[in-house]
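J.: Have a look at this prediction, sequence included:
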Amino acid sequence: MRVSQLFAPTLRETPAEAEVISHQLMLRAGFIRKAAGGIYSYLPLAWRVLKKIETIVREEMDAKGGQELSMPIIQPAEMWQETGRWSVYGDEMFRLKDRHNRNFCLGPTHEEMITTIVRGDVRSYRQLPLMLYQIQNKYRDEIRPRFGLMRGREFIMKDLYSFDRDEAGLDESYNKMYDAYTRIFTRCGLTFRAVEADSGAIGGSGSHEFMVIADSGEAAIVYCGDCEYAANVEKAELHPITPDTEEALSLSEKETPGMKSIANVCQYLGINPEKTIKTLAYQTDTGSLVLALVRGDHEVNEIKLLNKVGCLQLNMASEEAIATLIGSQAGYIGPVGLADLKNVTIVADATVMKMHNAVCGANKPDLHYVNVNPDRDFKPAIIADIRLIQASDPCPRCGAPVKTARGIEAGQVFKLFTKYSTSLQATFIDDDGKEKPMVMGCYGVGVSRTMAAAIEQNYDQNGIIWPVPIAPYHAVVVPVSIKDQAQMALAEKIYQELNANGVEAVIDDRNERPGVKFKDADLIGYPLKVTVGPKAVNENLIEVKVRRTGETMYFGPDEYLAGIQ
Ligand code: ATP
Ligand code: MG
Ligand code: MG
Ligand code: MG
């Protein structure tokens, strides 16, 4: 590729709307252009990076026996109604109607679709296990699309679904995917950690998130330097449970879930249970459980919000949770037993929200608010006394002090068990002649988010520093003066040789000052810069600069190829 023809329009200025470095650099270096909030075009350089990530993902999925297919992005409402997610998914789902007024959505994920396909065609245990995947655009009308490709509304995801006969089979599929994910992020050249994640309403230890370590990450993670323990803060069980709580928990678990259990929580919290007249439970989009204890009478003026995940920090998750709680009537999941609350970090001074003119709706058994408008009825100012996990907290496994870090969720593996196969009747006949629901797992990699995460982890003040395996090109050849025929001839020769030897190279043949070319090269982040100037022509010294280390090396015309390997 000749840079004179390359469509990579670079910008001098950092666009004002870009808050995080990956967004800034991708705009400046001509990788992406915005169409609407959270919706971007990928320009040629970005597309090359995405294709490389996809290739790595595809190879690792295939290596584990995954079979690639492609499902429709437009999905009919009916299958979502069967699982109940048509209403539960809420505003994050992009919905549309066809000319006959039938409801559809743009797929935010494909459990319903894949399970519907498999239930129609898999009848016998002999057809299992099965691992099917696709790499495709997903659509989520995120409450706050931001950070460029990190949280888009249209984004590229690899999603694989596993179908097994039993839980032992699921464990095997899960482990394969865990392994594949480890290989994927290693091959991408990223520093990451697999952390235990909350598996939401499903329970059990059935999920891991793959976190690319970066200070700008939205997620906080906890890990142990001495043992293998690593979890996201939502999952981390680091909070000492006092005998009192334990008693309260075990007591109430024996009782029927509902108000009695809530009374115990109230007691623990020091809230007068008699005044706690309403309880609400919502499941957030992230699968965490939000429990709200509403004090006062029907005039609701204060909500104590407890998150199953613990309001550990004022982050998207808790803000979103609140928005879901207030804004949605659809998320009700029934009375909460304390069994669901095992991992609650009870924040002494829980998130308190003042609400005005809020009306309490139906009062049994599904309580929720109606006619509440976040901007009209309350200002979503959130006061939270946040207990951040301290680096000195003991590791729950070995007791050594834990460490904390921030991460970007680039992938997640998840045991679904029979959640979808039951609601969609995806059953098979086992070798004992019995009809059983298939045991499922789902596994996602955010391909476009991984590209952004790679930048969040690899940049300096001059621009992007691509890890070699996902760099759009490996090298740029820069003739210092294109008017110097000897330089141009040598640069051209090197450019051809590099490409012929598997080093993907561009030649910057623009009639620009060398400073401009060097700046653009650093901004775009080619791992190697080969400069062909007077030194190369007169002294046979070809300058090769390594973007990451800044190291400069000189090679003779016959040595440089071997030298850069
Ligand atoms: P998050 O917690 O960041 O909202 P998620 O848990 O909702 O993500 P999953 O449903 O687990 O996401 O989807 C699988 C992967 O898809 C995620 O691990 C992430 O890499 C990617 N992903 C999810 N939402 C987005 C988004 N809005 N923009 C870009 N990538 C996304
Ligand atoms: Mg998540
Ligand atoms: Mg999400
Ligand atoms: Mg996830």
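T.: All right, it came through fine. Ligands and ions are numbered 1, 2, ... in the order given.

J.: Could you use CA atoms for every contact and neighbour count after this?
T.: OK.

J.: host element of residue 117?
T.: Element membership for residue 117, per DSSP states H and E: helix 111-121.

J.: Can you get me the centre-to-centre distance for that helix and its chain?
T.: From the chain centre to the centre of helix 111-121 is a distance of 24 Å (Cα atoms, centre = their mean, to the nearest Å).

J.: From one end of stretch 417-428 to the other, what's the distance?
T.: End-to-end distance for stretch 417-428: 15 Å, by Cα to Cα, to the nearest Å.

J.: And the contacts of that stretch?
T.: When contacts are defined by Cα atoms under 8 Å, 6 or more residues apart in numbering, stretch 417-428 is touched by residues 79, 82-83, 111-112, 115-116, 118-120, 122-125, 167, 170, 435-441.

J.: Just the buried residues from these, in PyMOL please.
T.: In PyMOL, this line selects whichever of the contacts of stretch 417-428 come out buried by 16 or more other Cα atoms under 10 Å:
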select buried, resi 79+83+111+112+115+116+118+119+122+123+124+125+170+436+437+438+439+440+441
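
J.: quick one on the thing from earlier: quick one: mean pLDDT for the helix holding residue 117?
T.: In this model, helix 111-121 carries a mean pLDDT of 97.

J.: need the next SSE after it, C-terminal direction.
T.: strand 130-139.

J.: before we move on, back to that, could you say what helices and strands the helix holding residue 117 packs with?
T.: Helix 111-121 sits against helix 77-83, helix 419-423, with contacts defined as 3 or more Cα pairs under 8 Å, 6 or more residues apart in numbering; DSSP states H and E.

J.: quick one, which of those is packed in tightest?
T.: Highest mean neighbour count among the helices and strands packed on helix 111-121 (mean count of other Cα atoms under 10 Å): helix 419-423, with a mean of 19.

J.: anything in the longest strand along the chain near ligand 1?
T.: Ranked by residue count and defined by DSSP state E, the top strand of the chain is strand 402-417. Yes: Strand 402-417 reaches ligand 1 (Cα under 6 Å from any ligand atom) through 409-412.

J.: Dump the residues you listed into CSV; add neighbour count and pLDDT as well.
T.: What follows is these, written out as CSV (neighbours: other Cα atoms under 10 Å; pLDDT from 0 to 100):
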residue, neighbour count, pLDDT
409, 25, 96
410, 26, 98
411, 23, 98
412, 23, 96
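
J.: Name the member of the residues you listed with the shortest distance to residue 163.
T.: Distances from residue 163 to the residues of strand 402-417 next to ligand 1, taken as Cα to Cα, are shortest for residue 412 (17.0 Å).

J.: How about the closest one: what's its closest non-neighbour residue?
T.: residue 209 (4.3 Å; Cα to Cα, 6 or more residues apart in numbering).

J.: which SSE is the one you found in?
T.: Residue 209 belongs to strand 207-213, assigned by DSSP H and E.

J.: Sheet partners, orientation included, of that strand?
T.: As defined by DSSP bridges, the strand partners of strand 207-213 come to strand 192-196 (antiparallel), strand 402-417 (antiparallel).

J.: So which of these is nearest residue 48?
T.: Closest approach to residue 48 among those (Cα to Cα): strand 402-417, 18.7 Å.

J.: what's the burial count for residue 196?
T.: Residues lying near residue 196 (other Cα atoms under 10 Å) number 25.

J.: close to ligand 1, is stretch 50-70?
T.: No: remark: stretch 50-70 sits outside contact range of ligand 1, by Cα under 6 Å from any ligand atom, the gap being at least 12.6 Å.

J.: With distance to residue 140 as new columns, can the strands paired with strand 207-213 be given to me in CSV?
T.: Listed next are the strands paired with strand 207-213 as CSV, based on distance: least, Cα to Cα, whole Å:
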stretch, distance to residue 140
strand 192-196, 24
strand 402-417, 16
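
J.: With respect to residue 154, which of the ones you listed lies nearest?
T.: strand 402-417 (15.4 Å).

J.: That closest one vs helix 111-121, what angle?
T.: Strand 402-417 runs at 40 degrees relative to helix 111-121, counting by axes from the mean of the first three to the mean of the last three Cα atoms, to 10 degrees.

J.: before we move on, the earlier item: residues contacting the strand holding residue 209, please?
T.: Under the contact criterion Cα under 8 Å, 6+ apart, strand 207-213 has outside partners 181, 190-199, 232, 405-415, 453-454, 457.

J.: Got the phi and psi for the closest residue to residue 116 other than its chain neighbours?
T.: Nearest non-adjacent residue to residue 116, counting by Cα to Cα, 6+ apart: residue 424, 6.9 Å away. Backbone dihedrals for residue 424, given as degrees, to the nearest 10, come out at phi -110, psi 10.

J.: Return the distance of residue 424 relative to residue 545.
T.: Using Cα to Cα, residue 424 is found at 57 Å from residue 545.

J.: now do residue 419
T.: 54 Å.

J.: Next: residue 10.
T.: Per Cα to Cα, residue 10 is found 21 Å from residue 545.

J.: Which residue of the two possesses the greater neighbour count?
T.: Shown here are residue 10 and residue 545; by other Cα under 10 Å, residue 545 has more neighbours (19 against 16).
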